[in-house]
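Engineer: here you go, sequence then predicted model.
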Amino acid sequence: MATSDFTDNLPPEFADRVSGATLKEGRATLVLDAAGLGEEQRAALERDITQRLTARDDVEEVRVVMTAERSAPLLIAVGSGKGGVGKSTLTANLAIALARRGTKVGLVDADIYGPSQQVIFGTADAKPEARENKLVPVESRFDIPMLSMGHLVQPGRAIAWRGPMVGNALSQMIDAHWGDREVILIDLPPGTGDVQLTMLQKYKPAGAVLISTPQDLALIDAARAGQLFEAAGVPVIGLVENMAGYACPHCGEVSDPFGAGGVEAAAERLELPFLGRIPLDLAIRQGSDAGDPPAAGDTELAAPFNAIADRLAEWISARS
Ligand SMILES: Nc1ncnc2c1ncn2[C@@H]1O[C@H](COP(=O)(O)OP(=O)(O)OP(=O)(O)O)[C@@H](O)[C@H]1O
């Protein structure tokens, strides 16, 4: 017998997904459309259907073939030449801004020197579990699953790591159960060290966003980081200027402690897109420390992050 009648009694939510079915000598083969389902939902669907069908007298064995395999999520690296220029702040806020526009985004904090995303996302106490030898990302309250070096080692312990250990930790985080995530933002450590090299050799990102303050020194380092990506064939999506324009909370006068406009001018010189400018504002630091990043709210400080996320989203959709 080669028929699909045996699937007729499946509930509609299952039956609607069956795009092909045969039953031959007790062996049922089903082709299921798994589009839009996350990894866990797919596993649950397969389990459930297998149970229902094996309960039948005429079915001894069930094979389920899932189609519409999810494509691997797009990896986007966020890098900087120097430390402390706001890379983690940008990555967290971009992830939140993208998630608020409906992108299924995940986040990896690969900063071995000072992982901080677990603080910004309030997941510092979480311990990621492993399933089938792969880590399951930790859920955060912004609906952004994440993994951080801070989840894998005690803060400060990874600093002495070199090549293979770094590569191993990075692999565990990137090869995790990312389910239905379309985009994963990767918060890189500053500079052009082991993590960047492993990233380029093993998990070449689709693109990189670079952040810098407007000082010359920070810019020179950022340009160097940009060169590394470009040499490896990873397009630099654009440059972001951080900590420009400080509005005095007392008198309102705007000053530019690190200069202003330098990143935009550098982007022009390097022929790279300029994605936007984030002001220096105490509320940005306070929000990050308190696990309440500005992009999660609706104050005017969300605006620069939203504008940069818009540019990034345009870049992502132009690729797909
Ligand atoms: N625009 C801003 N206004 C005020 N504070 C900011 C701004 N951007 C970042 N900060 C603060 O500056 C500090 C450094 O920022 P962040 O951790 O994002 O930098 P980083 O480049 O990721 O540093 P690291 O090299 O340590 O990873 C943090 O305390 C952060 O909250």
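Structural biologist: Received, thanks.

Engineer: for the closest residue to residue 240 other than its chain neighbours, helix, strand, or coil?
Structural biologist: Closest residue to residue 240 apart from its sequence neighbours, by C-beta to C-beta, 6 or more residues apart in numbering: residue 211 at 4.4 Å. (Each C-beta comes from the backbone N, C-alpha and C, glycine too.) Judged by DSSP: H, G, I helix; E, B strand; the rest coil, the three-state class of residue 211 is strand.

Engineer: for residue 211, name its beta-bridge partners.
Structural biologist: Legend: beta-bridge partners of residue 211 under DSSP bridges are residue 80, residue 240.

Engineer: for it, what are its contacts?
Structural biologist: 78, 79, 80, 85, 86, 87, 90, 222, 239, 240, 241, 242 (C-beta atoms under 8 Å, 6 or more residues apart in numbering).

Engineer: for the host helix or strand of residue 171, buried residues please.
Structural biologist: Here residue 171, judged by DSSP states H and E, is contained in helix 163-174. Neighbour-count burial for helix 163-174, with 16 or more other C-beta atoms under 10 Å as criterion, is recorded at 166, 167, 169, 170, 172, 173, 174.

Engineer: neighbouring contacts of that helix?
Structural biologist: The set of residues external to helix 163-174 that reach it, using C-beta under 8 Å, 6+ apart, is 75, 108, 110, 112, 134-135, 147-149, 152-153, 158, 161, 184, 186, 194-195, 197-199, 202-203.

Engineer: the helix or strand that it is followed by close to the ligand?
Structural biologist: Scanning the chain past helix 163-174 towards its C-terminal end, the next helix or strand to appear is strand 183-187 (assignment: DSSP H and E). No: with C-beta under 6 Å from any ligand atom as the threshold, strand 183-187 lies outside contact range of the ligand, at a closest distance of 6.9 Å.

Engineer: mind saving the C-alpha coords of strand 183-187 as PDB?
Structural biologist: The C-alpha coordinates for strand 183-187 follow below in PDB (Å, rounded to 0.1, in the frame of the first residue of the first chain):
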ATOM      1  CA  VAL A 183      20.600  37.300  12.900                       C
ATOM      2  CA  ILE A 184      23.200  36.900  15.600                       C
ATOM      3  CA  LEU A 185      25.100  40.000  16.700                       C
ATOM      4  CA  ILE A 186      28.600  39.200  18.000                       C
ATOM      5  CA  ASP A 187      30.200  41.600  20.500                       C
END
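
Engineer: may I have the helix or strand that it is followed by as PDB, with CA atoms only?
Structural biologist: Beyond strand 183-187 on the C-terminal side, the first helix or strand identified by DSSP H and E is helix 194-202. Listed next in PDB are the C-alpha coordinates belonging to helix 194-202 (Å, rounded to 0.1, in the frame of the first residue of the first chain):
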ATOM      1  CA  ASP A 194      42.700  35.700  18.600                       C
ATOM      2  CA  VAL A 195      38.900  36.000  18.700                       C
ATOM      3  CA  GLN A 196      38.900  38.100  15.500                       C
ATOM      4  CA  LEU A 197      41.100  35.700  13.800                       C
ATOM      5  CA  THR A 198      39.100  32.600  14.800                       C
ATOM      6  CA  MET A 199      36.000  34.500  13.800                       C
ATOM      7  CA  LEU A 200      37.400  35.100  10.300                       C
ATOM      8  CA  GLN A 201      38.800  31.700   9.800                       C
ATOM      9  CA  LYS A 202      36.000  29.600  11.200                       C
END
